[in-house]
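Peer 1: Below are the sequence and a predicted model for it; my questions follow.
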Protein chains: 2
Amino acid sequence: MNHDVFYVRPQDVSDETIVFRGDENRHLVRAMRKRAGDSVLAVDGRGRAYAVRILKAGKGETTAEITGVHEKPGERDLEMTLAQGLIKGGRLDWLVEKASEIGVHTIVPVSTANSVLKTLSPQRMSRLQKIALSAMKQSGRSFLPGIAPVTAFDAVLESSSVFDVRLIAHPVPRGGPGVPIPRGRRILCLVGPEGGFESHEVEKAFECGFLAVSLGPARLRAETAGIVLLARVFSLY
Amino acid sequence: MNHDVFYVRPQDVSDETIVFRGDENRHLVRAMRKRAGDSVLAVDGRGRAYAVRILKAGKGETTAEITGVHEKPGERDLEMTLAQGLIKGGRLDWLVEKASEIGVHTIVPVSTANSVLKTLSPQRMSRLQKIALSAMKQSGRSFLPGIAPVTAFDAVLESSSVFDVRLIAHPVPRGGPGVPIPRGRRILCLVGPEGGFESHEVEKAFECGFLAVSLGPARLRAETAGIVLLARVFSLY
């Protein structure tokens, strides 16, 4: 079924019709061989899904009429941001895929004291956005996770006051699952890079009102910690 | 630090000394260039970690004297088994790595109605065991997760009565996080392959006392569902 879900840009949606363009249109027409009369599902990446019937399929663009609208399929009533210390290559790809599948709203790659990588090339950013788009369709979500530009650790803290709940993955002494995670609509999860945060970074986060969440007695890789923290918070909703 | 953790087979541990052999000895002596007098950490994969000092390093084997013993570092007081519908290639590798990092005790690859793959070659089994070993060392655990042979779905159910808690990842109607997960020492998590379980399989599991745990409104890939369910259960401990 997921093969029949296609992305439509919000600006290509009008009252009665939508238009598929670019990569997505090529995928629709060439790979999936959809033609006039075929019914498919379109998602706009902003929480709307449309049942549509194709009117005219073309190489450049395909027009379809809207036969039904669904609000926020596949979504929780929650905005989850994952701010994750920058990690390398395939592990970052994987993190973006999994976080997008399980319901993240925005991923912020963070440059921290211990992150080996400090920037992402435009090619990498573009690849990560494609991974997020593919995961959105795969998982039946209707919101397209955003990949923010690389942001400095201090800047993440400075802009963190807009969140209802601020969590930082940080080991606490053994024994017990730690403090309960409060509920909220806008949640920020902050996770270190390989090598973790420096203690002065953790202190700063505490001063900004972040709560420490321990992810257990084992030492998790950075990307594993990101997914485990998201899974844990999502389990409350 | 994790580079200084090495695996020692339980049968190579005596009262005062241990002996590293095989791959692990080659890694110790060739790659990490450890010599007589060096101190390293050894884990036996059964919950014991030893601080040791090398007495004699050799190409074939290395002997070290035990200077300290730690019981169950990196482990919860819990035995978690993940029985997962067989999935292909890299996604299974990834699942084994992540489940091993976060604390799984045993992974049972399960052959179900919808699993495309029905067996794993000896080479694949060996590769999965190496991934589990590496993840154990990486994450500072002391228990080496076991990879069981491929097991038929019905056989998993038949042997499930030894577990205190039996959970099956299964979508439930939207709204609310579902029933609370009971606590226990031996826990079995059952997760489908790509394509999920057939409804007759889910019914059989319910008859055997499995509880359904919903992993949220999005449709997760099989390996993502496995990790999310583990993360969710571990968060209670």
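Peer 2: Ah, there it is.
Peer 1: Report how many residues lie close to A:Val150.
Peer 2: As a burial measure, A:Val150 scores 18 neighbours (other Cβ atoms under 10 Å in any protein chain shown). C-betas here are computed from N, CA, C, even on glycine.
Peer 1: Now do the same contact list for it.
Peer 2: For A:Val150, the contact set (Cβ atoms under 8 Å, 6 or more residues apart in numbering or on different chains) comprises A:Leu86, A:Pro109, A:Val110, A:Ser111, A:Lys118, A:Thr119, A:Leu120.
Peer 1: again, only this time at 7 Å
Peer 2: Neighbouring residues of A:Val150 by Cβ atoms under 7 Å, 6 or more residues apart in numbering or on different chains: A:Leu86, A:Pro109, A:Ser111, A:Thr119, A:Leu120.
Peer 1: and whichever residue of chain A sits closest to chain B, what pLDDT?
Peer 2: Nearest residue of chain A to chain B, counting by Cβ to the nearest Cβ: A:Ala231, 3.8 Å away. pLDDT, A:Ala231: 96.
Peer 1: thinking again about what came up before, of the contacts of A:Val150, which is the most crowded?
Peer 2: Neighbour max across the contacts of A:Val150 (other Cβ under 10 Å) = A:Pro109, 27 neighbours.
Peer 1: ok so, going back, can you redo the contacts of A:Val150 as a markdown table with distance to B:Ala169 and pLDDT?
Peer 2: Shown next, in a markdown table, are the contacts of A:Val150 (distance: Cβ to Cβ, whole Å; pLDDT from 0 to 100):
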| residue | distance to B:Ala169 | pLDDT |
| --- | --- | --- |
| A:Leu86 | 31 | 95 |
| A:Pro109 | 30 | 97 |
| A:Ser111 | 36 | 97 |
| A:Thr119 | 38 | 93 |
| A:Leu120 | 33 | 95 |
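Peer 1: where does chain A dip in pLDDT?
Peer 2: A:1-3, A:172-178 (pLDDT under 70).
Peer 1: one more time with 50, if that's ok
Peer 2: In the predicted model, chain A carries pLDDT under 50 at residues A:1-2, A:174-175.
Peer 1: That one against chain B: which residues are in contact?
Peer 2: With Cβ under 7 Å from any Cβ of the partner chain as the criterion, chain A meets chain B at residues A:74-76, A:98, A:101-103, A:138-141, A:177, A:216-221, A:224, A:227-228, A:231-232, A:234-237.
Peer 1: So the residue of chain A closest to chain B sits against B:Leu230, correct?
Peer 2: No: using Cβ atoms under 7 Å, A:Ala231 is not in contact with B:Leu230, being 8.4 Å away.
Peer 1: Now do the buried residues in the helix ranked longest in chain A.
Peer 2: Longest helix in chain A, counting residues (DSSP state H): helix A:122-138. The neighbour-count check on helix A:122-138 (16 or more other Cβ atoms under 10 Å in any protein chain shown) flags A:Arg124, A:Met125, A:Arg127, A:Leu128, A:Ile131, A:Ala132, A:Leu133, A:Ser134, A:Ala135, A:Met136, A:Lys137, A:Gln138 as buried.
Peer 1: just checking, what packs against the helix or strand just after it?
Peer 2: Moving toward the C-terminus from helix A:122-138, the next helix or strand (DSSP states H and E) is strand A:146-147. Using 3 or more Cβ pairs under 7 Å, 6 or more residues apart in numbering or on different chains; DSSP states H and E, the elements in contact with strand A:146-147 are helix A:122-138.
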